[in-house]
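A.B. asks: Here you go, sequence then predicted model.
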Amino acid sequence: MTIAGIAAERREVLASAFGGALVGPDDVGYHELRLIHNGLIDKRPALIASPRGTADVAAAVRFAVSEGLELAVRGGGHNVSGRAVSEGGLVIDLSLMRAVDVDPRAGIARVQGGALWSDVNRETAVHGLAVTGGAVSTTGVGGLTLGGGLGWLMGVQGLAADNLVEAEVVLATGQVVRAAADEHPDLFWALRGGGGNFGVVTSFVFRLQPQAEIVGGLVAHPIDAAADMLAFYADATAVASDELTIFGGLVHAPDGSGMPLAAMVVCHAGPRDRAEAELAPVLSWGSPAVVDVGPMPYPVMNTLLDAGFPRGSLNYWKSTFVRGIDQGLIDTIVERFASCPSPMGAILFEHFHGAVTRVGRTDTAVPHRATGYNLLIPSVWMDPATTEENIAWTRATFDAFQPFRGEGRWLNYFGDDEEPSALDAAYGPNHARLGEVKRRYDPDNVFHLNQNIVPAAA
């Protein structure tokens, strides 16, 4: 039976219990809707179901299971692995479910599963509130949170997952449950870092904190200063307060020139006087080519890197935690970046410190709680003819970092070609417990288009 045939013959079964939009291969808009952020992904599902509410999600899950269709769930569709789309299966596309309801008195926000962080930031900022939400505003709330959820505010607030207080989940049976500390606590634990393995999260409830303004922006140096700047970055982050987050590394100018730069992106979440005092050494070091740092609303901070990751660009990423930043690693980064084939490529450090490190390794499913650095190679390019070259460079660069690697890897940066052992590095000591939770809530592994946790043996 053809892909079109599956959709044509069976979609009416779902349509009778579905209030959203159903789009198959022969329908207008299908080819636009099947695409996700990463232009490398070119999959053709049999049916795309865009629900308007939880009842629609439950109907779509039951339909996929009854029809034996491989099920994928798309929130923001931003993850590089492309597992938000199934080949010949059913995609539950949550893009019509983007509502954000803020209760400023309770200090919480209820966020539907298809929302982007730009949606959350816009609504919470009205009340002078915020929650950690990634470093790019076009990222989906669901995928980022379920994978842990790092971001500019993690030094003062912890991860997005650390601020999750409740979730509504549609299980593989179509049953709808509330997961929180007092209800389905094992599921709630697993959702905070275990990825999309356990069901479709139709809404998230986040704890918010006051954060009307930050002091942030970009400091960029000529590439000749790369080694010295990376050494300075290591020293500056070693003494940074919880309020100061700095991501630093080697990048290309986002103005289209492709000029290589050594750069630091800073975000200070404290009062302006403390921010100015703590940022003074960062702004005055060396002879920067660009200093564009100042007070801004937090939602603006969350957009500063957006232009570097345009929708439809081709992406292949690798990342690893490192044991520290020493001269050997610095020299390797400088050497590898010099041969980067794309004028959009980068090698970046993300600093983990503060609140994110004051959570126990097993308190949530996210085990990465040590002060240190995640080293990210976000390869981005636009010309399909250079795909092979860019992927080869990324893999070779990742291999070159082998002598400096720590024990952990960040789940949300996984591509679609990781070795099974990579999951041990992502889930750490929580992997076995996650398998037990998987067996309880999805024993048939219906939700397997993710960084998959195999149900534990009975």
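C.D. replies: Cool, the structure landed.
A.B. asks: Run through the helices of the stretch 1-150 of the chain in chain order.
C.D. replies: Ranges of helices in the stretch 1-150 of the chain, per DSSP state H, counting those that start in this stretch, are 3-15, 30-33, 54-67, 117-125, 141-146.
A.B. asks: Next, format those as JSON lines and append distance to residue 47 and mean pLDDT.
C.D. replies: Heads up, the C-betas are built off the backbone N, CA and C, glycines and all. Output for the helices of the stretch 1-150 of the chain, formatted as JSON lines (distance: least, CB to CB, whole Å; pLDDT from 0 to 100):
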{"stretch": "helix 3-15", "distance to residue 47": "5", "mean pLDDT": "68"}
{"stretch": "helix 30-33", "distance to residue 47": "10", "mean pLDDT": "95"}
{"stretch": "helix 54-67", "distance to residue 47": "9", "mean pLDDT": "97"}
{"stretch": "helix 117-125", "distance to residue 47": "26", "mean pLDDT": "98"}
{"stretch": "helix 141-146", "distance to residue 47": "20", "mean pLDDT": "98"}
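A.B. asks: Highest mean neighbour count out of the ones you listed?
C.D. replies: With neighbours defined as mean count of other CB atoms under 10 Å, the helices of the stretch 1-150 of the chain peak in mean count at helix 141-146, which reaches a mean of 30.
A.B. asks: residues making contact with it?
C.D. replies: 73, 75-76, 78-79, 84, 94, 111, 113-117, 119-120, 133-134, 160-161, 164, 191-196, 201, 204, 412 (CB atoms under 8 Å, 6 or more residues apart in numbering).
A.B. asks: Tell me the predicted confidence for the closest residue to residue 123 other than its chain neighbours.
C.D. replies: Of all residues not flanking residue 123 in the chain, residue 100 sits nearest, at 4.1 Å (CB to CB, 6 or more residues apart in numbering). pLDDT, residue 100: 98.
A.B. asks: list the contacts for residue 100?
C.D. replies: Applying CB under 8 Å, 6+ apart to residue 100 gives the contacts 109, 110, 111, 112, 115, 119, 120, 122, 123, 124.
A.B. asks: low pLDDT regions in this protein?
C.D. replies: Applying pLDDT under 70 to the chain flags the ranges 1-9.
A.B. asks: which one among the contacts of residue 100 gets closest to residue 400?
C.D. replies: For the contacts of residue 100, the closest approach to residue 400 (CB to CB) belongs to residue 120, at 37.1 Å.
A.B. asks: my read: the closest one touches residue 112, true?
C.D. replies: No. Shown here, residue 120 and residue 112 do not form a contact pair, counting by CB atoms under 8 Å, at 10.2 Å.
A.B. asks: can you list the helices of the stretch 1-150 of the chain in CSV and add distance to residue 255?
C.D. replies: Compiled in CSV, the helices of the stretch 1-150 of the chain are given as follows (distance: least, CB to CB, whole Å):
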stretch, distance to residue 255
helix 3-15, 42
helix 30-33, 29
helix 54-67, 42
helix 117-125, 22
helix 141-146, 27
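A.B. asks: what about the closest residue to residue 452 other than its chain neighbours, how many neighbours?
C.D. replies: Closest residue in space to residue 452, ignoring its immediate chain neighbours: residue 197 at 6.6 Å, by CB to CB, 6+ apart. Residues within reach of residue 197, counting by other CB atoms under 10 Å, total 26.
A.B. asks: Could you pull up the contacting residues of residue 197?
C.D. replies: Taking CB under 8 Å, 6+ apart, we find residue 197 in contact with 190, 434, 438, 442, 447, 448, 450, 451, 452, 453.
A.B. asks: so where does the second one fall, helix or strand?
C.D. replies: Right, residue 434. helix 431-441 (DSSP states H and E).
A.B. asks: Please apply the same query to the first one.
C.D. replies: Mapping residue 190 onto the secondary structure by DSSP H and E places it in helix 185-191.
A.B. asks: For that helix, enumerate the helices and strands it packs against.
C.D. replies: strand 164-170, strand 176-179, helix 431-441 (3 or more CB pairs under 8 Å, 6 or more residues apart in numbering; DSSP states H and E).
A.B. asks: Counting by contacts, list what the first one packs against.
C.D. replies: This points to strand 164-170. helix 54-67, strand 176-179, helix 185-191, strand 200-207.
A.B. asks: what angle do that strand and helix 54-67 make?
C.D. replies: 50 degrees (axes from the mean of the first three to the mean of the last three CA atoms, to 10 degrees).
A.B. asks: So which bits of strand 164-170 are buried?
C.D. replies: Buried positions in strand 164-170, judged by neighbour count with 16 or more other CB atoms under 10 Å: 164, 166, 167, 168, 169, 170.
A.B. asks: Relative to residue 231, which of those is nearest.
C.D. replies: Distances from residue 231 to the buried residues of strand 164-170, taken by CB to CB, are shortest for residue 164, at 36.9 Å.
A.B. asks: Pretty sure the closest one sits against residue 194.
C.D. replies: No. Using CB under 8 Å, residue 164 makes no contact with residue 194, being 12.0 Å away.
A.B. asks: before we move on, back to that, could you point out which of the helices and strands packed on strand 164-170 sits nearest residue 230?
C.D. replies: Residue 230 lies closest to strand 200-207 among these, at 34.1 Å (CB to CB).
A.B. asks: what comes into contact with the following helix or strand past the closest one?
C.D. replies: Downstream of strand 200-207, the next assigned helix or strand under DSSP H and E is strand 209-210. Identification of contacts with strand 209-210 by CB under 8 Å, 6+ apart yields 107, 128, 129, 130, 131, 156, 157.
A.B. asks: Could you report the neighbour count for the fifth one?
C.D. replies: So the one you mean is residue 131. 31.
A.B. asks: Next: the third one.
C.D. replies: By other CB under 10 Å, 23 other residues sit near residue 129.
A.B. asks: Same question for the fourth one.
C.D. replies: When counting by other CB under 10 Å, one arrives at 29 neighbours for residue 130.
A.B. asks: do you know how far it is from residue 123?
C.D. replies: Separation of residue 130 from residue 123 (CB to CB, to the nearest Å) stands at 10 Å.
A.B. asks: How is this protein partitioned into domains?
C.D. replies: The chain breaks down by automatic domain parsing into domains covering 3-96, 100-210+429-441, 213-413.
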